[in-house]
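In: Just to be clear, the model below is a prediction. Sequence and coordinates:
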There are 2 protein chains.
Amino acid sequence: MAKSEKTVFFFGAGKAEGMSVAKTDAERRMILGGKGAGLADMTAAGLPVPPGFTISVANCEDYYKQGRKLSKEVQKQVRDNMAKVEKDMGKKFGDISDPLLFSVRSGAARSMPGMMETILNLGLNDKSVEGLAKKTNNPRFAYDAYRRFIQMYSTTAMGLSKEPMEEMLHNAKKKAGVKTDPELNAESLKDLCGQFKKFYSENMKGQSFPQDPYEQLWGAIGAVFGSWQADKAVKYRQVEKISNLKGTAVNVQTMVFGNMGDSSGTGVCFTRDPNTGENVFYGDCLINAQGEDVVAGIRTPLKLSDLGKLLPKSYKQLCQVRLQLEKHYKDMQDLEFTVQDEKLFMLQCRTGKRTAAAVFKIAADMVKEKLLTKEEAVARITPEDIERLFYPQLDAKAAKSATKIATGINAVPGAASGKVVFTAAEAEAMAADGEKVLLVRKETSPEDVGGMHAAIGILTATGGKTSHAAVVARGWGKCCVVGCEAININYETKSMVVAGKTIKQGEFLTLDGNTGDVYEGKLALQMPEQPAAYSTIMKYCDELRTLKVRTNADTPYDAENAIKMGAEGIGLCRTEHMFFDTEERRLAMQEMIVAEGVEKRKEALAKLLPFQQKDFEGIFKAMNNKPVTIRLIDPPLHEFTPKDDAGVAKLSKVTGISPEKIKHRCEQLHESNPMLGHRGCRLCITYPEILDMQVTAIINAAINCTKAGIKVLPEIMIPLTIDKKELSIQANQARALADGLIKAAKSKVKYMIGTMIEIPRAALLADQIAEVAEFFSFGTNDLTQMTLGLSRDDAGRFLPTYVASEQDGGKGIFKADPFQSLDQDGVGMLVKMGIEKGRSTRKDLKIGICGEHGGESASVKFCHKVGMNYVSCSPFRVPIARLAAAQAVIADKACCCSCKKAKKTTKKGK
Amino acid sequence: MAKSEKTVFFFGAGKAEGMSVAKTDAERRMILGGKGAGLADMTAAGLPVPPGFTISVANCEDYYKQGRKLSKEVQKQVRDNMAKVEKDMGKKFGDISDPLLFSVRSGAARSMPGMMETILNLGLNDKSVEGLAKKTNNPRFAYDAYRRFIQMYSTTAMGLSKEPMEEMLHNAKKKAGVKTDPELNAESLKDLCGQFKKFYSENMKGQSFPQDPYEQLWGAIGAVFGSWQADKAVKYRQVEKISNLKGTAVNVQTMVFGNMGDSSGTGVCFTRDPNTGENVFYGDCLINAQGEDVVAGIRTPLKLSDLGKLLPKSYKQLCQVRLQLEKHYKDMQDLEFTVQDEKLFMLQCRTGKRTAAAVFKIAADMVKEKLLTKEEAVARITPEDIERLFYPQLDAKAAKSATKIATGINAVPGAASGKVVFTAAEAEAMAADGEKVLLVRKETSPEDVGGMHAAIGILTATGGKTSHAAVVARGWGKCCVVGCEAININYETKSMVVAGKTIKQGEFLTLDGNTGDVYEGKLALQMPEQPAAYSTIMKYCDELRTLKVRTNADTPYDAENAIKMGAEGIGLCRTEHMFFDTEERRLAMQEMIVAEGVEKRKEALAKLLPFQQKDFEGIFKAMNNKPVTIRLIDPPLHEFTPKDDAGVAKLSKVTGISPEKIKHRCEQLHESNPMLGHRGCRLCITYPEILDMQVTAIINAAINCTKAGIKVLPEIMIPLTIDKKELSIQANQARALADGLIKAAKSKVKYMIGTMIEIPRAALLADQIAEVAEFFSFGTNDLTQMTLGLSRDDAGRFLPTYVASEQDGGKGIFKADPFQSLDQDGVGMLVKMGIEKGRSTRKDLKIGICGEHGGESASVKFCHKVGMNYVSCSPFRVPIARLAAAQAVIADKACCCSCKKAKKTTKKGK
């Protein structure tokens, strides 16, 4: 640590040096830790905080750099600060007649409850304990404090084993014939102190327990820094995915005592109810107790309101503090306080954790109370807050006692408990019988969609967060765990082996989509409700945002659901899912695929036409007056072919083509890399009659709906375009056909023709392509796959290593999974180029996104920034997109403000 | 045709209007057709050309636009030109006493021999034939001319059947008791004319044969235009891939007669020997004959030198013409002439077709003769000229009489005849016994490489021109036909069914890699030799070019071969091929893959290390003093796993891992889209110990070679990079290891570390990546796949439709197969960005290309233009790259000249 650098910050007597280390609260927390920043804040606000000082996070790094030692410089700064505290308190550290005692606590920028060490009553020794006894006229209190200090210091700072000392305490109570610690008298406690010190010396190579207060202090500070790398703390950060912290700060603070009699007490409280969000003062307290007694739960705590009766003056003061802190932080606070001789001291203040319901209630209330602007309220909501509102959750207690048998990738959050089935057909059959089923598959394919829809949860052995299973399940907000490699499915025996156990069809499993955990048996779930405040906040979002939010929906059911979630149109209607819906449709589709020649193909397509048209009519009806983007057939044809002999036989019967020929044709369709194969608009380049059928279905449906008084805004979308000419061939074909149908029907249906931009070449040549396309929709799933050369189905094997930080055993190459959060550097550059180039040749080009990213907060903000007109996402992510779009506008304004400021500063600089 | 537009161009009397239609010969050919341009050229050069006029190609388009009619405007222009010819000749078209006769011939910009129609002696009728007889005092000649005209006009212009008239001719000879046409006397011919006219009238609804010369002319011109769309012409253009022509021109030219006695004659000749390229006058002629007699082969032609004896004056004149034309065109010419009464007339002049050997001989000789500069000589060579020099060819006559059983995609030119085998192992075994074998597979994989190398030709049922089979075969210049879907292989019975025939292992097939044709049996092949002139021309190329040419080579054998082809280093050494070389290596590799844990993996890698090191030592030795770029492991691991139970059993025995576990592990490695999967540097991110082994092998080999006095310039190349951090992790690891080894060995080995740019993201973020990489090598195979979202293994199903022109039943979306010729618009944009961005952060960044495109002419020129340092391609394509690199420099100079001119014009414009 450089000599000149100030890294220890005093707080007390209404002054807090820490306030000047940074401008924002967040930056202060990074330097002083959360606790230190809170103490500085409260001190500066004039609240009664016991004086002390914060040793900054930088010293933690330095501690490790010095080989787990404190530098001379930090020791000097600590001594300087100690002098200030002594001056403020009028007492001396180590004074044997009236000792100044300290707590030494950790405090990182993010709360890591219970993970790190605390030492109380530091400064006591064999002499000053006597002084304290005299001064307080309470020898029992003094020796109890000393006993606690020796115990904490020995175990925490010196790493001695806890059990022997607990054993001694236990024996002392036995000997005294008492049951609880408070019943031990001063004599017993003094004796215990002697035993502890002897134990210390025996285990510390003959060194006696330190009597020099500074020696105690250096040991304690070192212990707190050391606890940062303790196994449990490292593990906690891994689990909680905390990777941006450099260490902990240390707070050395004057001790106050809530256990000095009935005019003393202690408590923890929230400025509002953290469960419901109600604006009531909420918390627990104990009279004549220390903070750890509240937490330990030895005595039943009192309600906070009881404090008003027992210590009315202190309670009144606490209520004032509550109001003052909420006004200051504009958020619900989590407080710790101690009353010593009716004098209130604030020990901690931090933003309180709360349920999802409370998040919305508090934010909405604070707007009403004019504590927050609408913008501030919206800015505070996180996507996870919304997610938590919608997904059923596993009961935490139930999970604790259950048997976890495997962990996969947490693809879609929520939880689901049901009977295991291994085929889509059985899922459908059992669900039809009213059973709740979990569909377990090696992987899923479009043919499984019916069974997936019937199941309440999905578990796959392979695939990543954007595998077929994950994407489809997410669309429905259905709990889904994928890539669970530990399970070994045997479709023949209808069973799976996992963790040495065999689980048969019909047995219960429970999935936790939040963690990816798989439990044996049926566990209890909690179904959250959406509070009224949710609607209020979402209304604010809609008022703020400029980006439209559409949904990806393939059925009238999905469409209606999406409108409830706030969707303003369909951004992606995948027509191919319609081909799987019934056996009749599947067969017609397969007939089309194996057809020998154009005429036979047209015959098969003619069978599909009425189905498609009816589907579109349903969707248009559900989306009355809202735009509907319909993507023409996209997946490779082999996804539709029969997968077994029975299917082949059936198709042979219908078509009169021999099973051998059908099998040969299906084999021919096999591709090494289907993602880069014969799919998307390439299908309609080779089989233009498919396009004819689909456009006919769309336009006829639009004509019929218009006649029925429904306002239809169809947008025909051509997928996988790579070239202007490729697009124009199909656009011309579609326009000629559509215009003919509209004219013949004497209808006035308007439609648009546009394209997906999902292959790098399309983005690179967007200026040319926009000469033909009336709209762009960025298919960022595929664009990510192509731009990064990364198959979302296969990346599970190595992508986690790319995303995980070094701390967590990964390489930290990507900040986030690029299939979840748009890779703004690479893919984003293509998206930006695509937009700029596209608008360079067609000013009014309508631009949206319909990849998975359309429902991810950071990606939605990116879409706003680069000037898209809308995002489209699965129905369940529509609220998240609405929120992100609103927050993007708020960030815009904030940016403009700071930009202006920056400009002013620059001017001044000149 | 617009009235003002001049579209008929006179030539005669030393003037040729056609010369002013365009500046370059090539442009003139597009307007006037090849024949028309040649006639204009010769006329302007003062050569004796019978006067006439050329009706331009534009009129052919107009003819079809008018519904197969000639517009009034073109008729007017024809009449105007006729007047000029009449003036020049002092005769009148249709003059009954001394008629002016014409030939009417087609002539497109590209020669389409025998495909289109010609009408001779036009202008004769019942009256003028008598005049001609009198004027020439040769009634036989006159009636023979008339008979020929009626015959040609009837069949060609009116589309009457040929056979009845041939039959009449046959009967006339029978009746006259003669065997050949020339023996028929005037009376017989006159009678025949009568029969022909009667036949004409009977078949033309009573219309008599046109007596009006203009009616004849309009009919003849229409016939030539009409022949453009005749089935055979359309088919010819399809086969020859001629797609850029808009039609044919028509040449109307005064008739001259080589059949007017012994002072007349006709001939076709080449200004040099088209077979050897020798500078000798080469050709055939006939005395008292017409051109068609030479072609028809009824009489044995004389040598050209005989003409010198028979008609010395004409011959001398012809020799002068030869010199004049070569000087004018600076190229070997293909001439047609007629001598009429000792007067020489030139009828045609075009650049002569020649063998590959002659191409080089003529070009080199012309430099010596100072007819050409070195640049001009080099500019004239085509990549196909070089290819033709190297590949064995199918004997054309042998092919004609052979049975073609299928046609696939012509992946690698040349021809091969051998015994069929269906597995790589059998190919190796039979080849070891000295058999010539063709390896026939559904598709090939890296495990087949040994067998592919052993085979003399490869045939696959699937895949395109850049499938594994094609790419590997091309590397060796080995004849290869892929995507031959008609063959149906049964590996169990060791046989295949094709065209209804069953072909068993050991039976002979012959492949024509130029056409993709597959023949039954063993056909004769021709092995070309490389002429001395080839070396001369390549030396010129090397003097000119600035772009270095390296090779892709994986073995010392390949490396040595490539040096012979002129390679200046290795641009891509694929290390993984080394893992397949022997069973020992394969097993060690497989052991590494199934290893349970890092330590076991390291053990397996330790077994591979000495093999790799020895391989590298061999390559460094072969490449003494030349740079060698070594790519670290690239393909997905599943390519190395055992493919059958025997393989699994063997691996199980070696590793002690159960076969079930091995199978499970292999299954786990299966990927949906391996191209986008766990491969390239992703392998070394997850298994860093592979990188350690490979870098150790490279650096140790370099150290050993350096000690042995070999100059080693190793460049370690990390494949599939997508991110700077991903690269720097591996670069740092490699550098630390390499530097340690070099230091420990007290060696001074220098090495570089760079990366492939083969994924769009790497090109987009090249500025960041160049901060770590010392060189870039564009892997345009993969870059094309990702940028276009197109798998080269699967694209065969639709890419041909994208590339084929509309005329040929395709969609004409791409000008060329993007896997063969770099997609300069899309992929090229990324390459350019990558280079510019890369050099923005590292000025001296070394940049090359190592995709298939590195050996394709247009792509190499692109690489030169965008500033690469080198291209790398398979050994057999090195000469093509050297040529293209030289031609790029020549184009630069030409461009600079025209740029300067353009600039000047712009200035003037101001």
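Out: Everything's here; your move. Bear in mind that the values here come from a model prediction, so they are computed numbers and not experimental data.

In: average pLDDT for the strand or helix carrying A:Lys235?
Out: Assigned by DSSP states H and E, A:Lys235 falls within helix A:231-239. The pLDDT scores in helix A:231-239 average 72.

In: Could I have the CA atoms of the helix or strand just after that helix written out in PDB?
Out: Next along the chain after helix A:231-239, taking DSSP H and E as the criterion, comes strand A:248-254. Only the C-alpha atoms of strand A:248-254 are listed here, as PDB (Å, rounded to 0.1, in the frame of the first residue of the first chain):
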ATOM      1  CA  THR A 248     -13.600  -7.500   2.000                       C
ATOM      2  CA  ALA A 249     -13.300  -4.300   4.100                       C
ATOM      3  CA  VAL A 250     -12.900  -4.400   7.900                       C
ATOM      4  CA  ASN A 251     -15.000  -2.300  10.200                       C
ATOM      5  CA  VAL A 252     -13.600  -1.500  13.600                       C
ATOM      6  CA  GLN A 253     -16.400   0.100  15.600                       C
ATOM      7  CA  THR A 254     -16.900   1.100  19.300                       C
END
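
In: So which residues make contact with strand A:248-254?
Out: With contact meaning CB atoms under 8 Å, 6 or more residues apart in numbering or on different chains, strand A:248-254 is reached by A:12, A:31-33, A:35-36, A:39, A:50-57, A:59-60, A:78, A:81, A:85, A:89, A:100-108, A:116, A:217, A:221, A:224-225, A:227-228, A:347. Quick note: C-beta positions are derived from backbone N, CA and C, even for glycine.

In: If we use 7 Å, what do you get?
Out: With contacts defined as CB atoms under 7 Å, 6 or more residues apart in numbering or on different chains, strand A:248-254 is touched by A:32-33, A:35-36, A:39, A:50-57, A:60, A:85, A:89, A:100, A:102-108, A:116, A:221, A:224-225, A:228.

In: Could you measure from the closest residue to chain B within the stretch 251-400 of chain A over to A:Ala26?
Out: The minimum distance from the stretch 251-400 of chain A to chain B, using CB to the nearest CB, falls at A:Pro383 (25.5 Å). Noted for A:Pro383: a distance of 19 Å to A:Ala26, by CB to CB, to the nearest Å.

In: about what we covered before: which ones among the contacts of strand A:248-254 are found in helices?
Out: If you go by DSSP state H, the contacts of strand A:248-254 have A:Leu32, A:Gly33, A:Lys35, A:Gly36, A:Leu39, A:Val57, A:Cys60, A:Val85, A:Met89, A:Ile221, A:Val224, A:Phe225 in helices.

In: how about the residue of the stretch 251-400 of chain A closest to chain B, what does it touch?
Out: With CB under 7 Å, 6+ apart, A:Pro383 has these contacts: A:Ser857, A:Ile880, A:Leu883, A:Ala884.

In: and the third one, how far is that from A:Leu217?
Out: Using CB to CB, one obtains 48 Å as the distance from A:Leu883 to A:Leu217.

In: Then the first one?
Out: Plainly put, A:Ser857 is 45 Å away from A:Leu217 if you go by CB to CB.

In: More neighbours: these two, which one.
Out: Legend: neighbour count by other CB atoms under 10 Å in any protein chain shown for A:Ser857 and A:Leu217, higher for A:Leu217 (26 against 21).

In: Was I right to think the more buried one contacts A:Leu124?
Out: No. Counting by CB atoms under 7 Å, A:Leu217 stays clear of A:Leu124, with 12.0 Å between them.

In: Identify the residues contacting A:Gly226.
Out: A:Arg68.

In: For the stretch 751-900 of chain A, which segments count as helices?
Out: A:760-764, A:766-769, A:780-788, A:799-803, A:827-841, A:857-865, A:878-909 (DSSP state H, counting those that start in this stretch).

In: Which one, of these, ends up nearest to A:Tyr64?
Out: Nearest to A:Tyr64, of all the helices of the stretch 751-900 of chain A, is helix A:799-803, at 26.0 Å by CB to CB.

In: Could you give the average pLDDT over that closest one?
Out: 90.

In: List the backbone torsions phi and psi for A:His678.
Out: phi -80, psi 90 (degrees, to the nearest 10).

In: Send over stretch A:371-383 as PDB, restricted to the C-alpha atoms.
Out: What follows is stretch A:371-383, C-alpha atoms only, in PDB (Å, rounded to 0.1, in the frame of the first residue of the first chain):
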ATOM      1  CA  LEU A 371     -40.400   9.100  -2.800                       C
ATOM      2  CA  LEU A 372     -39.600   7.800  -6.300                       C
ATOM      3  CA  THR A 373     -40.300   8.900  -9.800                       C
ATOM      4  CA  LYS A 374     -41.900   6.400 -12.100                       C
ATOM      5  CA  GLU A 375     -38.500   6.100 -13.900                       C
ATOM      6  CA  GLU A 376     -36.700   5.400 -10.600                       C
ATOM      7  CA  ALA A 377     -39.300   2.800  -9.700                       C
ATOM      8  CA  VAL A 378     -39.000   1.100 -13.100                       C
ATOM      9  CA  ALA A 379     -35.200   1.300 -13.100                       C
ATOM     10  CA  ARG A 380     -35.200  -0.700  -9.800                       C
ATOM     11  CA  ILE A 381     -37.000  -3.800 -11.100                       C
ATOM     12  CA  THR A 382     -34.900  -6.600 -12.400                       C
ATOM     13  CA  PRO A 383     -35.900  -9.300 -14.900                       C
END
